[in-house]
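A.B. asks: would you be able to build a 3D model of this:
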Amino acid sequence: MDLKLDDALKLAKKTLKEGSAEEAKRIYQDILRRFPANKKAKIGLKALSGSPVGKAQKILDPPADQQQLLINLYNQGQLQQALDQAKGLLEQFPHSIVLHNICGAVYATFKQYDAAIDSYKQALKIKPDYSEAHNNMGVALQDKGEVDAAIDSYKQALKIKLDYAEAHNNMGVALQDKGEVDAAIDSYKQALKIKPDYADAHNNMGNALKDKGEVDAAIDSYKQALKIKPDYSEAHYNMGNALQDKGELDAAIDSYKQALKINPDFAEAHNNMGNALKDKGELDAAIDSYKQALKINPDYAEAHSNMGNALQDKGELDAAIDSYKQALKINPDYAEAHRNLSTITTYTADDDQLHEMQLLIRDTALSDDARCHLNFALAKAHEDLNEPNKVFAHLSEGNALRKKLLGYTIQQDQNLFSNLKKAQPSILKYALNPVLNDNGPVPVFILGMPRSGTTLVEQIISSHSDVTAAGELSEINRYGGSLAQGTNTVTEEALSQFRQNYLRELTKRSDGKHLVTDKMPQNFTYIALICAAFPEAQIIHVQRDAAATCWSNYKHYFSAKDLGYSYDLKDVTAYYELYSDLMQFWQESYSDRIYNLNYENLTTDQDVETRNLIRHLNLEWEDACLSPQDNKRAVRTASQQQVRKKVYQGSSQQWRKYEPFLNGAFDGLTGS
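C.D. replies: Model prediction:
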């Protein structure tokens, strides 16, 4: 619809004031087509053209109604029709910046980036100060992967029009792609200062904050985006990702469902909902989500790999291998899929995948993350081939990369353990009284160093008919971490609320059983909090040979990001000493609450140790507890393959074949 005369004149003045002389000229020309005698338009055009107003003016762009028709076709997704009509009009209006810009937008949507960039260049050749074309060319360059060139285009757009919110937002996305997160956040702030109700900028700000680890602030940004635009499927999806990072899996799943309600073909939302369901232990539902993602996009390599992870957790190893291989068929360079496949493959010297990984790791363009995954995979392969020197070489490189990517220093955990000790007196002061006649589930906390045998112990206990295994739950840290570390004030009310929150989540996983295991190993850091909030709970502390534990941590790639100590021999031994010291500290106050179970004794004298454990839990004896390998429950830990075998001896000595490469790193460890 054409602008009213007064509005058109005002727009021409505003456009001229903003520095877009050619656009102002076009508006005056359009006014004179409709109102040939209008004096204000004649005067304005004369001032711009420097020529007598009585002469015919050169018309650069098609009439406004034809332009609007093209824009409508584009917005309705009728892209080819929009392109055909725009190209037809260019024969009549070859110097139309609007038509060149529209052609560029269509080409970019078709992912024909070179053609799009050529169209924008044509527009800028006619009108060098056309800020919109500079911005759009930046988007095309960025999509093409030329991020630095894209940033230059955004800078040109902003040089012409400083208050161009869209260009500030796009600049932020490009900077974020380069890893310059703080600079990206500054760009988003500029966009939002100009346009506070800019939903895309709020959403992108959330992504940048999440990249910085500021998850709560990211969630606030997503909420702002959704307040402005409730049907913003990407913001719901990103909210789900942030909530999943926080361990709030039910809330994350709700966000993914909202995204899928708006856009049922959102393959990434199906995939990530599958990941959340997998983390909850709902493996069949997770697999269904991955299948939905693959139905939409059969070439979605990440969904194939994630499907493999879920199938592996279910013990369906052949199907898992097929899924990993499908992921690698689609993307042979998919390093994480190579690592996932390596965990359930026994390699021979002529293995095709081994040769593929050996070729791939020579690629100097590999990212640090990909190289890290490949090194761990190759370490596993050479372990199968009994080549300890190559194992250690790949572990050294892979661990160094992982530590670098996580930005870990041992000081982080030294501070944590110090704070835990300082908070203990307050927690002890407000400890809750024993709960009587409570019909809810009783938690059994199986804890200790990671890779110390906690998974095996959970398999043994959950083989009993009165026990449900909940696996590694994050709820103790999620609901009580701030209390345990002293960052939130401890009160009886706070402890009671923490207890209620945890038991609510535990009940969901109890399957109606009296005892429910939570085998998050690092709950050992929260023993004071557990004893104060759950006077009825059982605590099983699993101990293993110190050197064997440290080596097992060092050789393993943990998907969790909070085990940064594992990726350096000095760090892992220092952390083990922190653990030993903290456990001794807890023993001074809670020795009557902690059942210490030695892993080596369990493997050498399985019958006696198992019977003692079941008796300690006040359970009637069941022979199934002696056959944990027959327990069919899903196992979602690094030890999933070992616990499907009969209990075996000797695993704690396997580190010794690497002793020549350790330079005495484990000498003097407490417990070796």
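
A.B. asks: contact partners for the closest residue to L406 other than its chain neighbours?
C.D. replies: The shortest distance from L406 to any non-neighbouring residue, by CB to CB, 6 or more residues apart in numbering, is to G564 (4.5 Å). Every residue, glycine included, has its C-beta placed from N, CA and C. Contact partners of G564, counting by CB atoms under 8 Å, 6 or more residues apart in numbering, are 403, 406-408, 412, 571.

A.B. asks: kindly indicate which of these lies nearest M205.
C.D. replies: Comparing the contacts of G564 against M205 with CB to CB picks out G407 as the nearest, at 21.9 Å.

A.B. asks: distance of that closest one from F417?
C.D. replies: Separation of G407 from F417 (CB to CB, to the nearest Å) stands at 19 Å.

A.B. asks: which one's more surrounded, those two?
C.D. replies: Counted by other CB atoms under 10 Å, G407 and F417 do not tie: F417 has more neighbours, with 17 against 10.

A.B. asks: so which helix or strand takes in the more buried one?
C.D. replies: Counting by DSSP states H and E, the element that carries F417 is helix 410-429.

A.B. asks: same for that helix, what does it pack against?
C.D. replies: On a contact count with 3 or more CB pairs under 8 Å, 6 or more residues apart in numbering; DSSP states H and E, helix 410-429 meets helix 475-484, helix 527-533, helix 569-590.

A.B. asks: need the winner for burial among those.
C.D. replies: Among the helices and strands packed on helix 410-429, helix 527-533 has the highest mean neighbour count (mean count of other CB atoms under 10 Å), at a mean of 26.

A.B. asks: residues contacting L395?
C.D. replies: L395 is in contact with 375-376, 379, 554-555, counting by CB under 8 Å, 6+ apart.

A.B. asks: next, the angle helix 410-429 makes with the host helix or strand of it.
C.D. replies: In this assignment (DSSP H and E), L395 forms part of helix 388-406. Computed by axes from the mean of the first three to the mean of the last three CA atoms, to 10 degrees, the angle separating helix 388-406 from helix 410-429 equals 70 degrees.

A.B. asks: and the residue nearest in space to the middle of the chain, what helix or strand is that in?
C.D. replies: Centroid-nearest residue in the chain: N241, 6.1 Å away (criterion: CA atoms, centre = their mean). For N241, the host element (DSSP H and E) is helix 233-245.

A.B. asks: for that helix, buried residues please.
C.D. replies: Using 16 or more other CB atoms under 10 Å as the test for burial, helix 233-245 gives 233-244.

A.B. asks: and the two most separated of those?
C.D. replies: Within the buried residues of helix 233-245, S233 and Q244 form the most distant pair, 16.5 Å apart (CB to CB).

A.B. asks: for I539, helix, strand, or coil?
C.D. replies: Secondary structure, DSSP: H, G, I helix; E, B strand; the rest coil: I539 is strand.

A.B. asks: my guess is it contacts D592. True?
C.D. replies: No. Using CB atoms under 8 Å, I539 is not in contact with D592, being 10.3 Å away.

A.B. asks: any regions of the chain where pLDDT drops low?
C.D. replies: The chain contains residues with pLDDT under 70 at 1-3, 16-19, 47-59, 436-438, 632-650, 671-672.

A.B. asks: give me the domain ranges for it.
C.D. replies: Structural domains assigned to the chain are 5-49, 231-331, 335-407, 411-661, following automatic domain parsing.

A.B. asks: dump those to a markdown table, plus distance to Q176.
C.D. replies: Shown next, in a markdown table, are the domains of the chain (distance: least, CB to CB, whole Å):
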| stretch | distance to Q176 |
| --- | --- |
| domain 5-49 | 28 |
| domain 231-331 | 13 |
| domain 335-407 | 16 |
| domain 411-661 | 19 |
